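S.K.: Just the structure for this:
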Amino acid sequence: MQAPGAPARRTPKIKNPPKPKASREELMLMCTSDIVQQLIAFHEEDRLGRGPVREVNLNTIKCHTSSKYGLESQPRLVDIIAAVPHEYRKILLPKLKAKPVRTASGIAVVAVMCKPHRCPHIAMTGNVCVYCPGGPDSDFEYSTQSYTGYEPTSMRAIRARYNPFLQTRHRVEQLAQLGHSVDKVEFIVMGGTFMALPEEYRDYFIRNLHDALSGHTSKSVDEAVVFSERSRTKCIGITIETRPDYCLKKHISEMLGYGCTRLEIGVQSIYEDVARDTNRGHTVKAVTESFQMAKDAGFKVVTHMMPDLPNVGLERDFDQFIEFFENPAYRPDGLKIYPTLVIRGTGLYELWKTGRYKSYPAPTLVDLIAKILALVPPWTRIYRVQRDIPMPLVTSGVEHGNLRELALARMKDFGTTCRDVRTREVGIQEIHHKVRPYQIEVIRREYWANGGWETFLSYEDPEQDILVGLLRLRLCSADTFRPELKAHTELGTCSIVRELHVYGSVVPVASRDPSKFQHQGFGQLLMEEAARIALEEHGSYKLAVISGVGTRDYYRKLGYELEGPYMVKLLRTSPRSLRSLRTATPGKAVLVPDLSSFNSTVPAVKHITLERTFCTEAHVYRTVSW
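M.R.: Now for the predicted structure:
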């Protein structure tokens with residue numbers, strides 16, 4: 001305190017008073033805003049043509065800007081995406097999108113898990129498969145059957161306490177925050193044999209999947225499906241994991257009611273002795289029967305196969321995949337290759353510990369996978385090449401987390417390439433090789449599988465081997481059990497479109513993007529060609545489509561109507577003779593292969609190529625040999 005009478009003390013003037021220090025959160029906000037402004041500035045320079053077009057490196061910008069603000073960590077990608085102004089989101093989000101492969105196929109895949117339950121064949125065989133981890137009785141007791149609980153999907157399910165509504169909402173929000181379009185969602189129901197669960201729980205689970213997208217609270221599956229049709233976020237399909245003995249007529253009809261369009265059937269091996277030794281609980285005959293019933297009902301069939309199982313050997317492993325792709329009793333639409341893993345707590349772990357089982361060395365396994373990928377026909381899609389079980393939990397087996405990448409590199413050494421659907425997709429090619437199709441044309445492939453005539457139509461760039469869109473058409477066999485698909489005694493047979501898919505980045509419903517391939521008319525052209533083939537070559541009076549719940553309005557615009565679980569269009573209402581097909585060149589008739597003369601027991605060594613060149617005055621197809 002100043003003494004009385006003392007001269008007043010001057011307060012020193014400070015030219016630049018110190019600004020209050022910003023908190024770390026404020027600095028992070030300023031850094032995020034600065035990064036977004038730099039990205040906008042780069043875009044505006046490119047748009048106005050000021051200088052050469054540059055490839056923007058987001059990591060470099062984040063590192064430089066974080067240092068500028070004295071931050072030890074960088075802003076999260078989700079925060080940068082959230083800070084992008086609305087008018088620039090369409091331009092910048094594709095550049096900021098994390099893991100663009102997630103939606104490169106034109107859909108957002110949402111994997112969900114049902115609650116843990118015991119394997120259904122324990123009652124018959126006394127135990128689970130020898131290689132199977134997880135389940136209520138395992139070392140990973142809170143995980144579902146065949147999972148450890150440490151996979152990304154498992155951890156999301158555990159965090160949501162296996163609630164299907166929360167699993168869906170959280171995953172869709174996460175994908176949206178990472179910059180992905182979630183207008184078209186495909187569910188994969190994982191966690192063991194879903195169809196072995198009680199019907200009440202299954203209805204509850206599927207109902208909540210649809211309600212999570214529509215926002216409606218339904219009392220039944222039928223009500224949930226009705227509201228899901230009109231949802232802004234469309235459910236374009238549901239995939240259910242099952243076993244051959246839980247893929248019977250009753251199960252197939254129930255899955256159709258759920259809106260399911262694809263089945264993942266666990267086969268693991270086509271050898272009867274291996275199925276017995278590994279305690280699978282079903283026969284190989286059950287596998288082939290389930291394939292035919294599923295395809296005759298319109299499902300896409302994806303199988304799980306496991307090389308390196310006990311008592312098989314390298315040569316038999318390779319031979320079974322030759323048989324799998326060439327024998328008409330199998331010939332799946334898709335494949336997941338899961339090399340055998342030795343995991344603590346399994347029967348296989350005890351065999352490995354006592355020296356009665358030994359995994360392939362890593363180079364041998366890579367060579368085997370490369371040779372298998374070289375066998376894959378162009379109508380089959382390889383979905384996965386290994387499990388996503390964390391490597392620290394694997395005692396013996398796969399030693400690398402990038403097995404597919406190593407196998408593809410090994411194929412280059414062999415002088416061959418993988419021609420499966422996924423490798424050739426336009427979205428995957430754009431991401432990995434920065435190439436786009438130049439000249440697109442229709443290519444048609446024919447093959448006989450599971451008692452039916454299969455036609456694989458696709459829009460491709462044959463020079464660059466890029467796939468834009470595909471359609472799977474099947475002439476149903478005489479054994480089909482669905483009343484909607486049975487042949488009419490006077491009008492003719494029934495054909496079914498089992499899949500229609502246009503690839504590339506997702507384009508939201510009711511919008512167009514000239515730089516992308518969806519909503520450009522490829523799907524409609526494929527459907528028109530499928531209708532022509534069904535009418536003129538199959539002799540069908542009706543064409544059905546197994547449609548996802550959210551895509552039914554698309555088929556309504558093409559003249560299809562809902563009949564049971566299918567979208568159906570009548571091709572003719574009165575019997576008439578089929579006109580013969582002729583080529584564009586006079587005097588040369590096209591021979592349609594008489595596929596009815598082949599049965600599903602043709603051995604692999606008697607492989608018959610069924611691909612032909614089909615020409616009419618209006619349609620000319622390339623000759624494709626495989």
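S.K.: from here on, contacts and neighbour counts on C-alpha atoms
M.R.: Will do.
S.K.: Show the contacting residues for Tyr518.
M.R.: No, residue 518 isn't Tyr; it's Gln. Contact partners of Gln518, counting by C-alpha atoms under 8 Å, 6 or more residues apart in numbering, are Gly106, Val502, Tyr503, Gly504, Ser505, Val506, Val507, Arg512.
S.K.: what's the answer for Arg156, then?
M.R.: If a contact means C-alpha under 8 Å, 6+ apart, then Arg156 has Gln167 as its contacts.
S.K.: From Leu485, how far off is it?
M.R.: Using C-alpha to C-alpha, to the nearest Å, we find Arg156 at a distance of 39 Å from Leu485.
S.K.: list the contacts for Val312?
M.R.: If you count contacts by C-alpha under 8 Å, 6+ apart, Val312 has them with Val274.
S.K.: That one - that's part of a helix, no?
M.R.: No: secondary structure assignment (DSSP: H, G, I helix; E, B strand; the rest coil) places Val312 in coil, not in a helix.
S.K.: Pull the number of nearby residues for the spatially closest residue to Pro377 that is not a sequence neighbour.
M.R.: Excluding its sequence neighbours, the residue lying closest to Pro377 (C-alpha to C-alpha, 6 or more residues apart in numbering) is Asp420, at 6.2 Å. For Asp420, the neighbour count with other C-alpha atoms under 10 Å is 21.
S.K.: Out of the contacts of Gln518, which end up buried?
M.R.: Those of the contacts of Gln518 that meet the buried threshold are Gly106, Val502, Tyr503, Gly504, Ser505, Val506, Val507, by 16 or more other C-alpha atoms under 10 Å.
S.K.: TSV please, covering those and showing pLDDT.
M.R.: Formatted as TSV, the entries for those read as follows, by pLDDT from 0 to 100:
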residue	pLDDT
Gly106	87
Val502	94
Tyr503	92
Gly504	89
Ser505	85
Val506	84
Val507	83
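S.K.: Now tabulate those residues in a markdown table and tack on secondary structure and distance to Ser290.
M.R.: Putting these into a markdown table (DSSP: H, G, I helix; E, B strand; the rest coil; distance: C-alpha to C-alpha, whole Å) gives the following:
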| residue | secondary structure | distance to Ser290 |
| --- | --- | --- |
| Gly106 | coil | 29 |
| Val502 | strand | 28 |
| Tyr503 | coil | 29 |
| Gly504 | coil | 32 |
| Ser505 | coil | 33 |
| Val506 | coil | 33 |
| Val507 | coil | 35 |
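S.K.: Ile444 in helix, strand or coil?
M.R.: In this structure residue 444 is Arg, not Ile. Strictly by three-state DSSP, Arg444 counts as strand.
S.K.: and what of Val287?
M.R.: The three-state label for Val287, taken from three-state DSSP, comes out as helix.
S.K.: Spit out the contact partners of the closest residue to it other than its chain neighbours.
M.R.: Spatial nearest neighbour of Val287, excluding adjacent residues (C-alpha to C-alpha, 6+ apart): Pro244 at 5.2 Å. When contacts are counted by C-alpha under 8 Å, 6+ apart, Pro244 touches Ile265, Gly266, Val267, His282, Ala286, Val287, Ser290.
S.K.: By pLDDT, rank those and give me the bottom one.
M.R.: Ranked by pLDDT, those bottom out at His282 (91).
S.K.: The nearest residue to it once chain neighbours are set aside: how many residues sit nearby?
M.R.: Using C-alpha to C-alpha, 6+ apart and skipping the chain neighbours, the partner closest in space to His282 is Asp245 (6.6 Å). Taking other C-alpha under 10 Å as the criterion, the count of residues near Asp245 is 18.
S.K.: mind listing the strands for the stretch 101-250 of the chain?
M.R.: Taking DSSP state E, counting those that start in this stretch as the criterion, the stretch 101-250 of the chain contains strands spanning 108-113, 184-190, 234-242.
S.K.: Mind listing residues that contact the shortest one?
M.R.: The reference is to strand 108-113. Contacting residues not belonging to strand 108-113 are listed as 102-103, 144, 153-154, 157, 162, 164, 167-168, 171-172, 180-191 [C-alpha under 8 Å, 6+ apart].
S.K.: can you do 6 Å?
M.R.: Contacts with strand 108-113, where a contact means C-alpha atoms under 6 Å, 6 or more residues apart in numbering, come from Val182, Val185, Glu186, Phe187, Ile188, Val189, Met190, Gly191.
S.K.: From these, pick the one nearest Arg472.
M.R.: Within the contacts of strand 108-113, the smallest distance to Arg472 is 18.2 Å, found for Glu186 (C-alpha to C-alpha).
S.K.: Tell me the pLDDT of the nearest residue to Arg169 once chain neighbours are set aside.
M.R.: Of all residues not flanking Arg169 in the chain, Ala212 sits nearest, at 6.1 Å (C-alpha to C-alpha, 6+ apart). Reading off the confidence values, Ala212 has pLDDT 96.
S.K.: Tell me if I'm right that Ala212 and Pro164 touch.
M.R.: No: applying C-alpha atoms under 6 Å as the test, Ala212 and Pro164 come out as separate, 8.2 Å apart.
S.K.: Next, the buried residues of the lowest-mean-pLDDT helix or strand in the chain.
M.R.: Taking mean pLDDT, DSSP states H and E as the measure, the helices and strands of the chain show their lowest mean at helix 122-125, namely a mean of 81. Across helix 122-125, burial judged by 16+ other C-alpha under 10 Å covers no residue at all.
S.K.: And the contacts of that helix?
M.R.: The set of residues that contact helix 122-125 without belonging to it, under C-alpha under 6 Å, 6+ apart, is Val128.
S.K.: where along the stretch 401-550 of the chain do the helices fall?
M.R.: In the stretch 401-550 of the chain, the helices defined using DSSP state H, counting those that start in this stretch lie at 403-414, 421-424, 426-433, 522-536.
S.K.: Quick check: what element follows the longest helix seen in the chain along the chain?
M.R.: Selection of the longest helix in the chain by residue count, based on DSSP state H, yields helix 24-48. Downstream of helix 24-48, the first helix or strand assigned by DSSP states H and E is helix 58-68.
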